[in-house]
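# Coordinates for the following, if possible.
(4 chains)
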Amino acid sequence: MNKFDVSVDTRLCKACGLCVLVCPKKVFELRDEDGKSVPVNALACIGCTQCYQICPDFAITVYKKEGALA
Amino acid sequence: MVNENDAEASFVPMSSAPDKWLRKEHLPHIWCPGCGIGTILRQVIEQFTKLGWKNDDVVFVTGIGCTGRASGYVNAQTLHTIHGRALPTATGIKMARPDMHVVAMLGDGDGVGIGGNHFIHAAKRNIGVTAIVVNNRIYGMTGGQVSPTTPQGSKSTTTPYGNVEPSMDVCKLALGAGATFVARVHTANPVYVGQIIGRALQHDGFAVVEVLSQCPTYFGRFNGMPDPVQMLQWFKENTFMAKSPEDEKEGKIPIGVFKDDKTTPELSKSYRNLWEA
Amino acid sequence: MAMRREVYIVGSGGQGVVLMGALLAEAYALKNWNVVQTVVYDAAQRGGLARAEVVMSDSEIYYPKVRKADVIVAFAADALPGARPKMDEHTVILADESLKDKNLEQYGTKLLFVPFERWAKEELHSSRVMNMVALGRVLKTLGDVSIDEVEQALKERFKGDLFKLNMAAVKIGLEASEF
Amino acid sequence: MNRIVMGDVACAMGAIDAGLRFYAGYPITPSSEIAETLSEMLPKHQGIYLQMEDEIGSIMAVIGASYAGFPAMTATSGPGFSLMQEAIGYAAMAEIPITIVNVMRAGPSTGLATQIGEGDLMQAIWGTHGDHPVAVFSPGNVREFYIYTQKALYWAEKLRMPTIVLADEVVGHMRQNVDFPEPIVIPERTLPNVPPEKYLPYATENGDVMPLPPLGKGYTWHVTGSAHTENGFPTIRPDKVKELLDRLNTKVQRHRNELIEYETFMLEDAETLVISFASMGRVSKGVVSELREQGYKVGLIRPFTMWPFFKDELSNIVSNVHPKKIVVPEINYGQLRLLVEWALKGFDIPVIGVNLVNGDLIPPEMIEEAILHG
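Below you'll find the predicted structure:
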């Protein structure tokens, strides 16, 4: 079971693609219709937050599972 | 393997900074796709969160230009002042209320162009203000004109044949004027940007963090790097860790903390010695 | 009829023109007269033109500058041509004796050369207090203020030896006989 | 108590007695004595004196300090006043209380640095771009410099706006014996009567803008010089922009009756009415007084509030007194005269200017000449 999750607020995303650049696990893809980022592979997220740290649009949130035993 | 406690488990955001420090109702912000200002602002609010500061103890001051709009998005005491004058405004605030955390976020035009003299004198006074200079090396808001930090030879809407003038070095200027904390970072390494801003915010005196930032819309597009990814790549390849902005290495830009002087008295506190006398 | 005294002091920056005017005003203020002092000076702090105009009246002073001077004190001659409209046949010019060759006779008023600077230097070893010698001499000419009143004015400005020096200088001017 | 005080010093004393806590400035003749005096006095009153790198830095530091809760002012003369204009507009738009003292000197540019002029009247009223409200007070002697500095500070805080004291070199540099009145004290900042989450910094309360809360009390709001809504954030919505600018421009007029002050002197039966401000107002009063003694029917109005202009009041006075002509002496080429002509549009009364700019006061004889033969 994955301990992390990631979401992109498409209202805020401006399709710059920096999350795609920095993600070591290829979590994101830019969708065809408007180039905005979609976490197509969120299950692969390792919680490194690089996407979160660089996203200039405050569009990305990385979640950590709490309450579960590690 | 499914854990039996999963029923009570929930996913929570890894950082509380956006909830606490952003005026989310004003997003999306006005900056272009791929602009570095948002990345830097993200790092600033992450540090506010780490330091445990209260929203109404932070006064966040900006001038005019792209970076000038940052104040509108921060959930603090915010002032969007006039062009080039964020630092004297911040100086007045800090002098009146030394207990406040006063942060000024400036662009390169704001900081060392129209506001250059204020920058020099804020450094000379060692006023307890953190100056984050977002250096995208161009005037973005007005459509891509040359700025004081545009590299010699670079194109802009007002240097169509390449910039004839040499560019200004923000860190050397800050050091020369007496700033007590001086550092340069770039947006290709946001976590390091955050670390250094965090040190600057805790510095008791005038702290300057120059953040090299990408403007893909103007600087990038005019100079062969229209994609922000290309610009970040350029920062990575053309910078090196150094101890001084005077250090040289294959024409690259020195990065790092160049000064961290904790002995020089901060002005808003030292002025109050006159009160006791 | 209201009493009005008008004194015009001209000199170079650094000769104590403004201070002299201020003390003159203060001495009269102690008598409960209204006083106004205005000054005009060049950009240069030392050596440039300096003028002080002092008006004292037992009623309200509207025009704060000198209209017809009762006394003009001249430490330097440069400003005198500009002061000509402020002179009439009653105006007394008290000029430092160093101005004897400056053709001050042309102004056609009561003209007296007084060795302000020489007395200050000879008797008090300080040419700096020539303005206080002149103050004494002006007070003597006007005749409204007693020595006690000047002394009080000086006491409010100077302490210790500085007071003694300045007071001694004023006395030289006040007690000078006509010559 | 009767003591001899220089005008600039009286301004500084007035500010301190009113509760000034912050001064930032840049030295310029003939205002520098205000800075010198405050640099000595402010630290003794838990206040701050800062000499900034220029006039723009000075007024911005003043805006910052006032925002942070310290009653604040700056002082300058014409060249510095010109540099401050953009920031005066910012203070008007952001509704941050500040006071600017302009000790006027003569002529454009450096002009006559040490001598009197009164040519900044229009600049004080309409100096900045984009049409903004200010209140302008003008003292004519040392005592009035003390009083109107306090009134300017008081009204700046009361109406959350920039106010200007328009003195001149003679008022600033003259030493005069003076008996100061009871001080007018700057009102203290109080917490808004709504909780932080309900606070709208630019909403109105009884027609006036909401009070500024002290910093660090839970209220976080945004200040901008851009057009904004009640919550302080930029807007380009035409209805909201209009609402803001209408409010800014009417708030001075709404308080005009409290703001407007002027002195009348020997108006009864006056066939000639003299209107004059600052130092020339004082000189003119002397001329009127002398001419009355000689039996001439002449009266005087000395405005202390230059803006809002006492338009209605002047027009009422003229309706009652019926002067045959109006004489306006001023050390410029007719700025007050223009305002008087505007106020008296519709009256068929000649308005004669007495104008001389040579670094000195206009001599009484010139005013007399205009009254008797102009």
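# switch to C-alpha atoms for all contacts and neighbour counts from now on
Noted.
# Using PDB, write out every CA atom in the longest helix seen in chain C.
Using DSSP state H to define each element, chain C has its longest helix at helix C:160-175. Extracted C-alpha coordinates of helix C:160-175, given in PDB (Å, rounded to 0.1, in the frame of the first residue of the first chain):
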ATOM      1  CA  GLY C 160      30.100  79.700  32.600                       C
ATOM      2  CA  ASP C 161      33.100  81.200  30.900                       C
ATOM      3  CA  LEU C 162      31.300  81.700  27.700                       C
ATOM      4  CA  PHE C 163      28.700  83.800  29.400                       C
ATOM      5  CA  LYS C 164      31.500  85.900  31.100                       C
ATOM      6  CA  LEU C 165      33.300  86.400  27.800                       C
ATOM      7  CA  ASN C 166      30.200  87.500  25.900                       C
ATOM      8  CA  MET C 167      28.900  89.600  28.700                       C
ATOM      9  CA  ALA C 168      32.200  91.400  28.900                       C
ATOM     10  CA  ALA C 169      32.100  92.000  25.200                       C
ATOM     11  CA  VAL C 170      28.600  93.500  25.400                       C
ATOM     12  CA  LYS C 171      29.700  95.800  28.200                       C
ATOM     13  CA  ILE C 172      32.500  97.100  26.100                       C
ATOM     14  CA  GLY C 173      30.000  98.100  23.500                       C
ATOM     15  CA  LEU C 174      27.500  99.500  26.000                       C
ATOM     16  CA  GLU C 175      30.000 101.500  27.900                       C
END
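# Mind giving me the packing neighbours of it?
helix C:116-124, helix C:130-142, helix C:147-157 (3 or more Cα pairs under 8 Å, 6 or more residues apart in numbering or on different chains; DSSP states H and E).
# Same list (those helices) but as a markdown table, adding distance to chain A and mean pLDDT.
Listed next are the helices and strands packed on helix C:160-175 as a markdown table, based on distance: least, Cα to the nearest Cα, whole Å; pLDDT from 0 to 100:
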| stretch | distance to chain A | mean pLDDT |
| --- | --- | --- |
| helix C:116-124 | 77 | 95 |
| helix C:130-142 | 72 | 96 |
| helix C:147-157 | 66 | 92 |
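# And the residue of chain A closest to chain C?
Distances between chain A and chain C by Cα to the nearest Cα are smallest at residue A:56, namely 55.5 Å.
# how much distance is there from the lowest-mean-pLDDT helix or strand in chain C to the middle of the chain?
Lowest mean confidence among the helices and strands of chain C (mean pLDDT, DSSP states H and E): helix C:80-83, at a mean of 85. Taking the mean of its C-alpha atoms, helix C:80-83 sits 16 Å from the chain's own mean (Cα atoms, centre = their mean, to the nearest Å).
# How about stretch A:36-52?
3 Å.
# contacts for that stretch?
Identification of contacts with stretch A:36-52 by Cα atoms under 8 Å, 6 or more residues apart in numbering or on different chains yields A:2-8, A:10, A:13-20, A:22-23, A:25-31, A:58, A:60-64.
# Convert that stretch to PDB, retaining C-alpha atoms only.
Extracted in PDB, the C-alpha atoms of stretch A:36-52 (Å, rounded to 0.1, in the frame of the first residue of the first chain):
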ATOM      1  CA  LYS A  36      -1.800  20.800 -17.700                       C
ATOM      2  CA  SER A  37      -0.200  18.300 -15.400                       C
ATOM      3  CA  VAL A  38      -2.000  15.100 -14.300                       C
ATOM      4  CA  PRO A  39      -0.600  12.700 -11.700                       C
ATOM      5  CA  VAL A  40      -1.200   9.700 -13.900                       C
ATOM      6  CA  ASN A  41       1.100   7.600 -11.800                       C
ATOM      7  CA  ALA A  42       0.400   8.800  -8.300                       C
ATOM      8  CA  LEU A  43       0.900   5.300  -6.800                       C
ATOM      9  CA  ALA A  44       4.600   5.600  -7.700                       C
ATOM     10  CA  CYS A  45       5.000   8.800  -5.500                       C
ATOM     11  CA  ILE A  46       7.800   8.500  -3.000                       C
ATOM     12  CA  GLY A  47       7.000  11.700  -1.200                       C
ATOM     13  CA  CYS A  48      10.200  13.500  -2.200                       C
ATOM     14  CA  THR A  49       8.200  16.700  -2.700                       C
ATOM     15  CA  GLN A  50      10.400  18.000  -5.500                       C
ATOM     16  CA  CYS A  51       7.300  18.700  -7.600                       C
ATOM     17  CA  TYR A  52       5.700  20.500  -4.700                       C
END
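# List the buried residues for that stretch?
Going by neighbour count (16 or more other Cα atoms under 10 Å in any protein chain shown), the buried part of stretch A:36-52 is A:36-39, A:42, A:44-47, A:49-52.
# related to what we said a few turns ago, and the angle for the longest helix of chain C with helix C:147-157?
Using axes from the mean of the first three to the mean of the last three Cα atoms, to 10 degrees, the inter-axis angle of helix C:160-175 relative to helix C:147-157 is 150 degrees.
# low-confidence ranges in chain C?
Under the criterion pLDDT under 70, the flagged ranges of chain C are C:1, C:43-47, C:177-179.
# How about it: which residue is closest to chain B?
Closest to chain B within chain C is residue C:159: 22.8 Å, counting by Cα to the nearest Cα.
# Residue B:132 - that's part of a strand, no?
Yes: Residue B:132: assigned to a strand according to DSSP: H, G, I helix; E, B strand; the rest coil.
# Am I right that it is in contact with residue B:210?
Yes: between residue B:132 and residue B:210 there is a contact under Cα atoms under 8 Å: 6.0 Å.
# Tell me which stretches of chain D form helices.
Going by DSSP H, chain D shows helices at D:7-18, D:32-41, D:55-67, D:78-94, D:121-126, D:142-159, D:169-173, D:238-254, D:256-259, D:278-293, D:311-321, D:335-343, D:364-373.
# Among the ones you listed, which comes closest to chain B?
helix D:55-67 (4.0 Å).
# I'd like the average pLDDT over the closest one.
For helix D:55-67, mean pLDDT rounds to 98.
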